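Colleague: Show me how the following folds:
(chains A and B)
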Amino acid sequence: MSLNPDLKSINCTACGAGLDVLGGGRVTTHICSYCGTALDALDNYKTLVKFNILERPETPVKIGATGQIFGVNYTVIGLLEHEEVWRGRSWKWVDHQVFSPTHGYAWLTLEDGHLTFSRRYRKPVGWLSEAEVNRADTRPRVRAGGEVFQYYETSTSAVIYAEGEFTWAPRKGQKTTTITAMSDTAMLGFSTTKREREIYHTVYLEPTEVSGFGLDTGGKPSGVHALQKLKAGAHAGFLTKAALGCMVLCLGLALVMFLQNGRLAETRQRFSVTELPVTIPFEVSEPGRLTRIDLQGNGRNSWHFLSVELEDPEGEVLFESGRTVEYYHGRDNEGSWSEGSNAASLAFFPPTPGRYAVTLDLEESGFWAPNVNRASSPQRQLTEVSLQIRNGVSSSFWLVLLALGFGCVGGLPMLRRYLHNRARWRDSDWVDEDDD
Amino acid sequence: MLQNASMRENGVFSRCEQGLNDKNWPMSEMNCPNCGSRVSPAIKSVKMITCESCATTLLLEDAGLRLAGSQGVLHEVPMICQLGDELKIGKGRYQVLGHARFSYGRGTWDEFWAIDGSGNPVWISVDEGDLILQRELPEKDWPQYRGTLRLGRTLRYKTEGFRVDEEGTGTCVGLKGSFGHPLTVGESYRFLNLQGENGTVLSAESVGKDYEWFIGSWIDPFEVEVKAA
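Modeller: Predicted coordinates for the structure are as follows:
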């Protein structure tokens, strides 16, 4: 309904002030900005009730301001301040009724510098009631317009200030209970008053989607709004996919290298500790390829430092090194536990082929916590040690490290998305029963 | 002038060479019985057309064109679409062929007669950003109910429950283009809108004892793509 083009302004029938008529034909109530009297637009602007306009809320968006939302021209025709009181705390916000002759009526809301845009929702959607929310064991959800909306919160607010033109008759103190449900991009509000119920669809307005209205575009909104989209980098999607792809590739290659276990240069030999030190000769057929000496002990709740000395085919000492094998286990009030390992290994690159010799000795050993209750943590010194040597093995260590690096690069946007989503839902009043 | 006067007396005029049943439709053209200007009904099922030259409305009858009255005045107001525009709504495309405006006193709303991609007629009601796209229901499919439909009354149609959400009267104040059934400037139409629980909208229009029923759904104006004529 386009308003009669001749009707551009009226005089308030209570105070005589001139009032611009900015809305369309659906406007039913005009609340005078000068005296606060609500006038019946359908009945020669007869006076209805009076609002206290001395308590005008602070807002940079004034009645009569014009601007564009999603490229559509809108004019601000009314201000409405709501208050929600819960457990002694109070929240207030201002809704701005905006009107477009082509796209109708909507609400522009400014909250901590964030702008949202709400319109009546008329697509098929089931109703979400307070009773249904109270009965639900899991977070209620509704489907609408191809999206899934999950329950967000229930709030009851009252109108505490009204000024301008409205398509209904605001009453001071009039309470509205709204159940909100949120999708990735929008929020549905299921509002119920004593007389009617309506569904509103709200989206977040990015600075590029709104202009005019006297808004200070330089101001920075504070915090994360529930409807705010994550500002991901321009190539965040590609970066995530590419990095995760590289991670998978590295892990695949690492697995292939891990499975290349070389050939046995010396089969597993087992020695009693009393036989130590022992010298074990072994043949290296592939010089320059990684060769690994694997050690295995059998101690319990004890540690042992095994020294390793390697001689090359010429009898020259190639290196002296050592490895600690230590294994601890026990039981406490939380159950069984274990720590450390009786296995150890060291690797080297043999420079020439030929017969090498490794000398193994037990250099030091000890018990862990000698005063511990031995009934629950039996202790045992190393009694035998076994050794195995493989030549031509591959190490996947650096590839795994690289995969972790790629994982971090690819996972960062995902982590940001997770943290952003957590911030979006932080004000939801839904509590899972598991969280109680 | 004499010829035109004669036409006005008879209320009839002669067709052009190409008739309503011509296969080359919509190239068919006729002459206005009032001013003689050429008028072109947009499609075969058109029952009424306005003459741009003399602002009269013309009824297409078997015998030819008959004067029906004035086409009224359509004041320029911001509108989401215009006569001749092509609208893309969802997967459907609609060609706007006729534009009617109705007044309820304090303001007006617009109704656009259009055809879809298959040539079937639809009505697009435009009411300050509230858009409804509807098709006429054949009489055999009309809702069945007892008594009178009033605001708040509910009824079931097929599997959906409906409630009368809006009722009122509108007076036709202006016409432009082609229409699938006659409309008269100055005539008042009673209308009822019934909102379905699954989003369907049923509407009834009546003039005197004549009824017409329409069924359709709400359209989000932000989801309408307009290709200007």
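Colleague: Just say helix, strand or coil for the residue of the stretch 251-400 of chain A found nearest chain B.
Modeller: Going by CB to the nearest CB, chain B is nearest to A:Gly252 of the stretch 251-400 of chain A, at 43.7 Å. Backbone N, C-alpha and C define where each C-beta goes, glycine included. Under DSSP: H, G, I helix; E, B strand; the rest coil, A:Gly252 falls in the helix class.
Colleague: tally of neighbours for the residue nearest to A:Ile69 when sequence neighbours are not counted?
Modeller: Once flanking residues are discounted, A:Ile69 sits nearest to A:Val210: 5.2 Å by CB to CB, 6 or more residues apart in numbering or on different chains. Residues within reach of A:Val210, counting by other CB atoms under 10 Å in any protein chain shown, total 18.
Colleague: what's near enough to touch the residue in chain B positioned nearest to chain A?
Modeller: Here the residue of chain B nearest chain A is B:Gly129; by CB to the nearest CB that distance is 1.9 Å. Residues near B:Gly129 by CB atoms under 8 Å, 6 or more residues apart in numbering or on different chains: A:100, A:102-105, B:80, B:221.
Colleague: element containing the residue positioned nearest the centre of chain B, please.
Modeller: Centre of chain B computed as the mean C-alpha position; nearest residue by CA atoms, centre = their mean is B:Trp113, 4.3 Å away. Assigned by DSSP states H and E, B:Trp113 falls within strand B:107-115.
Colleague: by contact count, what packs against the longest helix belonging to chain A?
Modeller: Looking across chain A with DSSP state H, the single longest helix is helix A:397-424. Helix A:397-424 sits against helix A:236-259, with contacts defined as 3 or more CB pairs under 8 Å, 6 or more residues apart in numbering or on different chains; DSSP states H and E.
Colleague: excluding its backbone neighbours, what's nearest the residue of chain B closest to chain A?
Modeller: Nearest to B:Gly129 is A:Gly104, by CB to CB, 6+ apart, at 1.9 Å.
Colleague: Let's see the pLDDT reported for that neighbour.
Modeller: The per-residue pLDDT reported for A:Gly104 equals 94.
Colleague: B:Ser206 now?
Modeller: For B:Ser206, the model assigns a pLDDT of 88.
Colleague: re the thing from before, quick check, the strand holding B:Trp113 touching chain A?
Modeller: Yes: using CB under 8 Å from any CB of the partner chain, we find that strand B:107-115 touches chain A at B:107-110.
Colleague: That strand: partners in the sheet, and parallel or antiparallel?
Modeller: strand A:2-3 (antiparallel), strand B:92-103 (antiparallel), strand B:121-127 (antiparallel) (DSSP bridges).
Colleague: Quick check: buried residues in the second one?
Modeller: Residues of strand B:92-103 classed as buried: B:94-103 (neighbour count, 16 or more other CB atoms under 10 Å in any protein chain shown).
Colleague: tell me the mean pLDDT for that strand?
Modeller: 94.
Colleague: mind listing the strands in the stretch 101-250 of chain A by residue range?
Modeller: All strands of the stretch 101-250 of chain A, identified by DSSP state E, counting those that start in this stretch, fall at A:104-111, A:114-120, A:141-144, A:147-166, A:175-182, A:186-192, A:197-205, A:210-212.
Colleague: Take those and lay them out in CSV including distance to A:Thr279.
Modeller: Below are the strands of the stretch 101-250 of chain A laid out as CSV (distance: least, CB to CB, whole Å):
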stretch, distance to A:Thr279
strand A:104-111, 79
strand A:114-120, 76
strand A:141-144, 72
strand A:147-166, 70
strand A:175-182, 72
strand A:186-192, 76
strand A:197-205, 75
strand A:210-212, 82
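Colleague: domains in the chain, as residue ranges please.
Modeller: Just so you know, I chose chain A. A:9-212, A:263-393 (automatic domain parsing).
Colleague: think we crossed wires, I meant chain B
Modeller: B:2-70, B:86-227.
Colleague: Can you flag the weakest of the ones you listed by average pLDDT?
Modeller: Looking at the domains of chain B, the weakest mean confidence is domain B:2-70, a mean of 66.
Colleague: Neighbours of A:Ile293, how many?
Modeller: 23.
Colleague: Distance check, it against A:Leu310.
Modeller: 8 Å (CB to CB, to the nearest Å).
Colleague: B:Lys140 now?
Modeller: Taking CB to CB, one finds B:Lys140 at 99 Å from A:Leu310.
Colleague: do B:Leu183 as well
Modeller: 104 Å.
Colleague: before we move on, what about B:Asp127?
Modeller: For B:Asp127, the distance to A:Leu310 - CB to CB - is 92 Å.
Colleague: quick one on the thing from earlier: wait, the residue nearest to B:Gly129 touches B:Glu128, no?
Modeller: Yes: counting by CB atoms under 8 Å, B:Glu128 is a contact partner of A:Gly104 at 4.8 Å.
Colleague: Pretty sure B:Thr171 sits in a strand.
Modeller: Yes: counting by three-state DSSP, B:Thr171 is located in a strand.
Colleague: in the sheet, who's paired with residue 164?
Modeller: Unless you meant another one, I'm taking chain A. A:Ile31, A:Gly78.
Colleague: that answer is for a different chain, and I need it for chain B
Modeller: Where B:Val164 sits in a bridge, its partners, by DSSP bridges, are B:Leu194.
Colleague: Confirm for me that it is in contact with B:Gly152.
Modeller: Yes: under the criterion of CB under 8 Å, B:Val164 makes contact with B:Gly152 at 6.2 Å.
Colleague: just the residues of chain B that are near chain A, which are they?
Modeller: Going by CB under 8 Å from any CB, the residues of chain B near chain A are B:75, B:77-80, B:104, B:106-110, B:127-130, B:198-199, B:218, B:220-222.
Colleague: Buried ones only from those, please, as a PyMOL command.
Modeller: Selection of buried members from the residues of chain B next to chain A for PyMOL, criterion 16+ other CB under 10 Å:
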select buried, chain B and resi 79+80+106+107+108+109+110+127+128+129+130+218+220+221
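Colleague: ok, how many other residues are close to the residue of chain A found nearest chain B?
Modeller: Taking CB to the nearest CB, chain B has its nearest neighbour within chain A at A:Gly104, 1.9 Å off. A:Gly104 sits with 24 neighbouring residues when counted by other CB under 10 Å.
Colleague: And for B:Leu59?
Modeller: 18.
Colleague: residues in contact with it?
Modeller: B:47-48, B:65-68, B:182.
Colleague: And A:Glu84, by the same measure?
Modeller: A:90-92, A:155-158.
Colleague: which among those residues end up buried?
Modeller: Looking at these with 16+ other CB under 10 Å, the buried ones turn out to be A:155, A:157.
Colleague: ok, the residue lying closest to A:Glu320 once chain neighbours are set aside - contacts?
Modeller: Nearest non-adjacent residue to A:Glu320, counting by CB to CB, 6+ apart: A:Glu309, 4.9 Å away. Neighbouring residues of A:Glu309 by CB under 8 Å, 6+ apart: A:317, A:319-321, A:358-359, A:361.
Colleague: Could you export the residues you listed as TSV, including secondary structure?
Modeller: Output for those, formatted as TSV (three-state DSSP):
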residue	secondary structure
A:Val317	strand
A:Phe319	strand
A:Glu320	strand
A:Ser321	strand
A:Val358	strand
A:Thr359	strand
A:Asp361	strand
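Colleague: Could you tell me which residues touch both of A:Ile293 and A:Leu310?
Modeller: A:348, A:358.
Colleague: A:Phe305: which of the strands of the stretch 101-250 of chain A is closest?
Modeller: Closest approach to A:Phe305 among the strands of the stretch 101-250 of chain A (CB to CB): strand A:147-166, 58.2 Å.
Colleague: Who are the packing partners of the closest one?
Modeller: strand A:29-31, strand A:72-86, strand A:89-100, helix A:130-135, strand A:141-144, strand A:175-182, strand A:186-192.
Colleague: in it, what's buried?
Modeller: A:149-155, A:157, A:159-166.
Colleague: now the angle from it to strand A:186-192?
Modeller: Orientation of strand A:147-166 against strand A:186-192 (axes from the mean of the first three to the mean of the last three CA atoms, to 10 degrees) gives an angle of 60 degrees.
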